[in-house]
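Student: Need coordinates for the below:
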Amino acid sequence: MRRPGSGTPLERRPPQAGFVLVGFLLLISLVTVFGSTYLRHVLYDMRNSESSRHVSDASDAVDSAVAYAEQRLRRGDFDLSASIDNGPRAALLTATDLGDGHSGLQIQSVDVDGIGVTLLAEVALVPSVNSAGAPDDLPRLDAATVNDLLNDPAVPKLSYNGTQTVTGADLYGLIIIGNSSTLTLDDVTVHGCIVSADVLTAAPFGAYDAPTAPSLIIGGDVRVQAADFLPGVAMVMPDGLVTTSASPASLQCEGDLVAHDLTVNGLGALRGNIATAQPASLDARVMRPGADRGPRAWGAGLDDVQQWEPSFLAFLPRHDAVQDLGTITGFSFP
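Tutor: Prediction:
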């Protein structure tokens with residue numbers, strides 16, 4: 001076949017040639033797409049694995065810093081600011097005094113890219129229960145408070161010596177139980193504070209002596225309500241025994257309670273701090289309102305406890321500040 005106007009014959013090409021070219025181009029495109037996707041996946045996986053490793057190392061460093069802080073606090077050392085090395089990473093620990101026995105801790109382990117862990121914690125020192133403790137390890141009224149109470153004529157002082165029982169009465173003031181004495185209360189409300197006689201002296205208690213220990217027996221329904229002259233303090237008997245009788249009895253205590261031994265085998269509600277030399281024995285029915293929200297401040301007039309243990313109360317996200325801790329832990333039930 002000849003093209004019109006030409007003496008040269010027209011060549012016919014195979015139709016498959018164009019399809020081969022298109023198919024080859026499609027193949028190149030698919031390889032490029034899948035290759036780019038795989039490369040992005042590999043790079044992401046590499047970055048993600050590296051980040052995970054950094055976070056894991058930072059978490060280990062922060063855990064070491066928390067353990068370090070606990071050890072320092074248990075030794076009574078409150079200068080907690082330090083840099084703690086832990087293998088590949090270090091954690092910087094910074095302490096801020098928040099007052100009232102509370103400290104704010106920032107524990108941070110972050111690399112130059114901002115990858116790591118930042119922990120904010122509030123730490124409160126709470127009295128520890130020491131099964132081998134002695135009366136002098138427990139809180140007592142400080143000397144200035146004792147002097148004010150003894151010289152204030154507006155505060156009644158009711159002393160009980162020997163073996164005595166009070167039934168169906170309202171008692172006001174400072175209730176003083178002498179050495180080797182036992183006071184039994186039955187259907188009694190106390191507006192004030194119950195103390196052992198030696199609390200009103202400056203002399204150390206010394207070793208615990210059971211035969212001379214003052215004893216308070218809860219023989220029925222008893223309520224102890226802290227008074228304005230000693231706010232927040234219901235009982236201070238570091239050398240004494242507080243126990244319920246064999247018959248059904250209940251104890252409601254509004255304020256801090258200090259005793260060498262504390263046993264409540266009936267109903268009850270104890271609202272306040274408890275410090276004992278021997279582990280307190282409390283019936284399962286005894287309520288502790290607010291106890292699971294962390295320790296409260298001790299009542300006015302009590303001196304410092306000699307044995308403390310740290311209690312981590314609150315942990316905040318990294319974008320909050322140490323000063324924000326008080327908003328969380330400062331709440332108390334009305």
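Student: Tell me if I'm right that residue 150 and residue 201 touch.
Tutor: No - when contacts are counted by C-beta atoms under 8 Å, residue 150 is not listed as touching residue 201 (10.4 Å). To be clear about C-beta, it is placed using only N, CA and C from the backbone, and glycine gets the same treatment.
Student: Find the residue closest to residue 159 in space, skipping its chain neighbours.
Tutor: residue 176 (4.5 Å; C-beta to C-beta, 6 or more residues apart in numbering).
Student: correction: residue 223
Tutor: Here the residue nearest residue 223, using C-beta to C-beta, 6+ apart, is residue 252, at 4.3 Å.
Student: Measure how buried the one you found is and give me the count.
Tutor: Residues within reach of residue 252, counting by other C-beta atoms under 10 Å, total 18.
Student: now residue 217
Tutor: Neighbours of residue 217 (other C-beta under 10 Å): 20.
Student: try residue 172
Tutor: Neighbour count for residue 172, taken as other C-beta under 10 Å: 13.
Student: quick one: it and residue 192 touch, right?
Tutor: Yes - look at residue 172 against residue 192 with C-beta under 8 Å: they come within range, at 5.9 Å.
Student: got any residues that touch both of those two?
Tutor: Taking C-beta atoms under 8 Å, 6 or more residues apart in numbering as the contact definition, residue 172 and residue 192 share the neighbouring residues 156, 227.
Student: ok now do residue 214, which residues does it touch?
Tutor: Residue 214 touches 177-183, 196-197, 237, 239-241, counting by C-beta under 8 Å, 6+ apart.
Student: Which ChimeraX command selects the buried ones in those?
Tutor: The buried residues among the contacts of residue 214 can be selected in ChimeraX (16 or more other C-beta atoms under 10 Å) with this line:
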select :177,178,181,182,183,196,197,237,239,240,241
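Student: What ranges does this structure have for its helices?
Tutor: 16-74, 143-150, 325-329 (DSSP state H).
Student: can you tell me which of those helices the model trusts least?
Tutor: The weakest mean pLDDT among these belongs to helix 325-329, with a mean of 54.
Student: How about the residue nearest to residue 223: which residues does it bridge to?
Tutor: residue 223, residue 269 (DSSP bridges).
Student: from what I can see it touches residue 268, true?
Tutor: Yes - assessed by C-beta under 8 Å, residue 252 is found in contact with residue 268 at 6.4 Å.
Student: now, which of the contacts of residue 214 sits nearest residue 96?
Tutor: Within the contacts of residue 214, distances to residue 96 taken as C-beta to C-beta reach their minimum at residue 237, with 36.3 Å.
Student: show me the contacts for the closest one.
Tutor: 177, 194-196, 199, 214, 216, 258-260.
Student: how about stretch 166-173: buried residues?
Tutor: For stretch 166-173, using 16+ other C-beta under 10 Å, the buried residues are 166, 171, 173.
Student: Need the CA coordinates for it. PDB is fine.
Tutor: What follows is stretch 166-173, C-alpha atoms only, in PDB (Å, rounded to 0.1, in the frame of the first residue of the first chain):
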ATOM      1  CA  VAL A 166     -17.300   8.400 135.000                       C
ATOM      2  CA  THR A 167     -20.800   7.600 133.700                       C
ATOM      3  CA  GLY A 168     -23.300   9.700 131.800                       C
ATOM      4  CA  ALA A 169     -21.500  13.100 132.000                       C
ATOM      5  CA  ASP A 170     -20.200  16.000 129.900                       C
ATOM      6  CA  LEU A 171     -16.600  16.800 130.800                       C
ATOM      7  CA  TYR A 172     -15.000  20.100 129.900                       C
ATOM      8  CA  GLY A 173     -11.300  21.100 129.900                       C
END
